[in-house]
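In: Sequence first, then the predicted structure, then my questions.
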Amino acid sequence: MSLSAGLRSVDKCLMRAAAIEQTGSRLAQLEDEWFAVCYFYSAYHLVKAAFIQDEVFDSATALSRIDPRLAMDDRYITRHNGRIAGRERTLGVNDIVKKLYPQIAVRYVRLHTASIAVRYSEGLGVIASDSVLDDFEDIRDSYYRGELKA
Amino acid sequence: MKPANELQALTTSIGEHSVDAIGAEHLNALEVSLDSRDMTCQVIVALSDNSDAEQRRVLTALLDVESLYYDEAVLSFSFVDSIEHDSAPLESVPQYNYA
């Protein structure tokens, strides 16, 4: 499990999410596609806030009913993707989103894909800017409606 | 680490399941490459229709494929316009290509 440098409180996660969203909005107004990176990381901090708040992480039994790979300390996990360790897979934020909040999983994965495309590849390409915005707003609104609970 | 033939078989299996799950008629091309050092697997998809709804349908299908190989490989996905092979594939990286 990777716990390095992650924010450990809901308030800090939400403040960071809001600040990064503001930067993303300014970049979007400039038609700079790095807005997609900001919106992904804003969404990342929102789901991290949801993990910290989610009572499912208070109970190893409740977690194991969802997936035996889930651990109580995963509420503070920081890395995006899981890893294969020996014959077992450890989980990342993306995996936990898929397992606990499947209603936003596809949008979260596409937002991550968009962020990677901007950072490491040739840009958003075939992912429309409107899709990035819709994915982000759906995740953000789901969080603030209190829907991100296992 | 698994033998090379098993890694190639895994890569081919992930690729074939991905094509089936998406539907070949919706694909211009698809490439799967597996990094055997950490068992991360990149699935690159070139769709004939890159609408918002189609991308979400395809990602839903690919997340189902991911669940089939959950303890064998860590899948990640990308959407592209077309798949170009600028350089020869590395022998140490098993690949699957659909075009």
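Out: Yep, that arrived. If you're wondering where the values come from, they're calculated on a predicted model, not measured in any experiment.
In: Any residue of the longest helix seen in chain B touching chain A?
Out: When chain B is parsed with DSSP state H, its longest helix is helix B:4-22. No: interface with chain A: helix B:4-22 contributes nothing (C-beta under 8 Å from any C-beta of the partner chain), its closest point being 11.5 Å away. All C-beta spots, glycine's among them, are computed from the backbone N, C-alpha and C.
In: List the contacts of that helix.
Out: Residues outside helix B:4-22 that contact it (C-beta atoms under 8 Å, 6 or more residues apart in numbering or on different chains) are B:1-2, B:27, B:30-34, B:36, B:41, B:43, B:45, B:47, B:58, B:61-62, B:64-65, B:68-69, B:72-73, B:75, B:94-98.
In: Check stretch A:14-27 too.
Out: Residues from elsewhere that reach stretch A:14-27, judged by C-beta under 8 Å, 6+ apart: A:7, A:33-39, A:41-43, A:45-46, A:49, A:136, A:140.
In: Can you give me the pLDDT of residue 46?
Out: All of this is about chain A. As predicted, residue A:46 sits at a pLDDT of 98.
In: that answer is for a different chain, and I need it for chain B
Out: For residue B:46, pLDDT reads 98.
In: in stretch A:81-95, what's buried?
Out: Buried residues in stretch A:81-95, counted by 16 or more other C-beta atoms under 10 Å in any protein chain shown: A:81-84, A:89-95.
In: pLDDT below threshold where in the chain?
Out: Using chain A here. Applying pLDDT under 70 to chain A flags the ranges A:1-4.
In: oops, chain B please
Out: Ranges of chain B meeting pLDDT under 70: B:86-89, B:91.
In: quick one: the strands in the chain?
Out: All of this refers to chain A. Assigned by DSSP state E, the strands in chain A fall at A:83-85, A:88-90.
In: if you could check chain B rather than the one you did, that'd help
Out: Under the criterion DSSP E, chain B contains strands at B:27-35, B:40-47, B:74-80, B:95-98.
In: need the contact list for residue B:48.
Out: Residues near residue B:48 by C-beta under 8 Å, 6+ apart: B:25-28.
In: what angle do the longest helix of chain B and strand B:74-80 make?
Out: Interaxial angle of helix B:4-22 relative to strand B:74-80 (axes from the mean of the first three to the mean of the last three C-alpha atoms, to 10 degrees): 50 degrees.
In: how about the residues of chain B near chain A?
Out: For chain B, the residues in contact with chain A (C-beta under 8 Å from any C-beta) are B:38-40, B:47, B:50, B:52, B:55-56, B:59-60, B:63, B:70-74, B:76-81.
In: out of the residues you listed, which are buried?
Out: For those, buried by 16+ other C-beta under 10 Å: B:39-40, B:47, B:50, B:55-56, B:59, B:63, B:70, B:72-74, B:76-80.
In: ranges for the helices of chain A?
Out: Under DSSP H, chain A gives helices at A:10-29, A:35-53, A:60-66, A:93-100, A:102-120, A:129-144.
In: Let's check: the centremost residue of chain A is which one?
Out: Closest residue to the average C-alpha location of chain A: residue A:44 at 3.1 Å, with C-alpha atoms, centre = their mean.
In: That one and chain B: what is the separation?
Out: Computed as C-beta to the nearest C-beta, to the nearest Å, the residue A:44 to chain B distance reads 15 Å.
In: so what's that residue closest to, chain neighbours aside?
Out: residue A:93 (6.7 Å; C-beta to C-beta, 6 or more residues apart in numbering or on different chains).
In: isn't that neighbour right up against residue A:75?
Out: No: applying C-beta atoms under 8 Å, one finds residue A:93 not in contact with residue A:75, separated by 10.6 Å.
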